[in-house]
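**Student:** One predicted model, sequence on top.
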Amino acid sequence: MNKHFLHTRQMAQVQETGRFVYALIARDIEQVKYWRSLLPFINISGTSLLTEPNSFSCEEAGTSWARELNLSVFGLNDSAAGYSCIANDDYLHSDILTLRSLSFLTSKSYDNEQLYLRLDNSQARLFLGADRSNSANNDLTNANTYIVEAHSYYIGDSNRFCQGNKIPALYWQTIVNGRPQQQELLAGVEHMQVQFAIDTDNDLVANKLVSANTVNDWRHVIGIDVDILVRSECPNSNHRDNKAYKIGDINYQVNDNFYRKKYAYSFSLLNPTN
């Protein structure tokens, strides 16, 4: 009975973590879909300038990463190379998935270092909160103001232990005061692999599913597949897991006493009207 209770409790924790991961990414995907539907039809100016979408970097200083709004979807394959904001933190392994969009909620107050987008029909103004009173460059008639959001998901080290074993966690880099900052989201997420559905002939049908390192044009991404492997935070000596888990484009072999469950999520970036 004790063994059964422990198994049930740890698997319940694993399942709850898997549900939360889906909810987090699904929310971001919905906002990305909205932003991508607007982007081709708006002219963006203001006191802050867009960063060129081919920069593919995440610098810890300055606001360049937050201003890569033309690059609403981006990924890295099993590496944080070029992403110093993650490489300098407790990155363990996994693919990196970056999603950029606008907050669904309109902004009623301003932080001086936060990035905002004021939107009115086909015009938009990008600015830092400190420049909100610069009406000559940032004002628009009958406009709503949105907070610019960017999230890079990855697996990192929580720096916590259970029975001598490090506990991994799902992290993201998010915008705080206009700059990327690490935040832990969910403990127990052990691995994440991401693949991208590519539409190469603009018929709104995916032609292939590829890893980030083989995406030639991120504008052609119309779907995202996310595989995550969640494990119990603590091992159980009465349980043995020696499986090889197929997640994304890798086989992940384990041989220890943790409970695990794989979750596979598919997200479309197409709006119903497409």
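**Tutor:** Great, that's in hand.

**Student:** what's the burial count for residue 43?
**Tutor:** A total of 8 residues lie near residue 43 under the criterion other C-beta atoms under 10 Å. C-beta coordinates here come from the backbone N, C-alpha and C atoms, glycine included.

**Student:** Identify the residues contacting it.
**Tutor:** The contact partners of residue 43, by C-beta atoms under 8 Å, 6 or more residues apart in numbering, come to 122-124.

**Student:** of these, buried ones?
**Tutor:** Buried subset of the contacts of residue 43 (neighbour count, 16 or more other C-beta atoms under 10 Å): residue 124.

**Student:** Just the ones of the contacts of residue 43 in helices?
**Tutor:** Among these, the subset assigned to helices under DSSP state H is empty.

**Student:** now the contacts of residue 43 as TSV including distance to residue 133 and pLDDT?
**Tutor:** Listed next are these as TSV, based on distance: C-beta to C-beta, whole Å; pLDDT from 0 to 100:
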residue	distance to residue 133	pLDDT
122	24	88
123	19	93
124	18	95
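
**Student:** Do a quick rundown of the helices in the stretch 101-250 of the chain.
**Tutor:** 135-138 (DSSP state H, counting those that start in this stretch).

**Student:** follow-up on the earlier one: which among the contacts of residue 43 gets closest to residue 52?
**Tutor:** Nearest to residue 52 out of those is residue 124 (C-beta to C-beta; 17.3 Å).

**Student:** Can you verify my assumption that that closest one contacts residue 116?
**Tutor:** No: with contact defined as C-beta atoms under 8 Å, residue 124 does not reach residue 116; the gap is 10.2 Å.

**Student:** Nearest to residue 108 among the contacts of residue 43?
**Tutor:** Nearest to residue 108 among the contacts of residue 43, with distances taken as C-beta to C-beta, is residue 124, at 18.5 Å.

**Student:** Run through the neighbouring helices and strands of the helix ranked longest in the chain.
**Tutor:** When the chain is parsed with DSSP H, its longest helix is helix 2-38. If you count contacts as 3 or more C-beta pairs under 8 Å, 6 or more residues apart in numbering; DSSP states H and E, helix 2-38 packs onto strand 91-106, strand 144-162, strand 179-187, strand 221-231, strand 260-268.

**Student:** Go through these and pick out the most buried.
**Tutor:** strand 221-231 (a mean of 22; mean count of other C-beta atoms under 10 Å).

**Student:** now the helices and strands packed on helix 2-38 in TSV, with distance to residue 202 and mean pLDDT?
**Tutor:** Listed next are the helices and strands packed on helix 2-38 as TSV, based on distance: least, C-beta to C-beta, whole Å; pLDDT from 0 to 100:
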stretch	distance to residue 202	mean pLDDT
strand 91-106	22	92
strand 144-162	26	95
strand 179-187	32	95
strand 221-231	10	97
strand 260-268	16	96
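
**Student:** need these in JSON lines with distance to residue 17, can you?
**Tutor:** What follows is the helices and strands packed on helix 2-38, written out as JSON lines (distance: least, C-beta to C-beta, whole Å):
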{"stretch": "strand 91-106", "distance to residue 17": "15"}
{"stretch": "strand 144-162", "distance to residue 17": "13"}
{"stretch": "strand 179-187", "distance to residue 17": "5"}
{"stretch": "strand 221-231", "distance to residue 17": "5"}
{"stretch": "strand 260-268", "distance to residue 17": "9"}
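
**Student:** And these: which comes nearest residue 194?
**Tutor:** Closest among those, using C-beta to C-beta: strand 91-106, at 4.3 Å.

**Student:** Distance check, residue 242 against residue 257.
**Tutor:** Distance of residue 242 to residue 257, computed by C-beta to C-beta, to the nearest Å: 10 Å.

**Student:** More neighbours: those two, which one.
**Tutor:** Neighbour comparison, residue 242 and residue 257: the larger count goes to residue 257, with 16 against 8 (by other C-beta under 10 Å).

**Student:** Quick check: residue 234 vs residue 13, distance?
**Tutor:** Distance from residue 234 to residue 13, by C-beta to C-beta: 10 Å.
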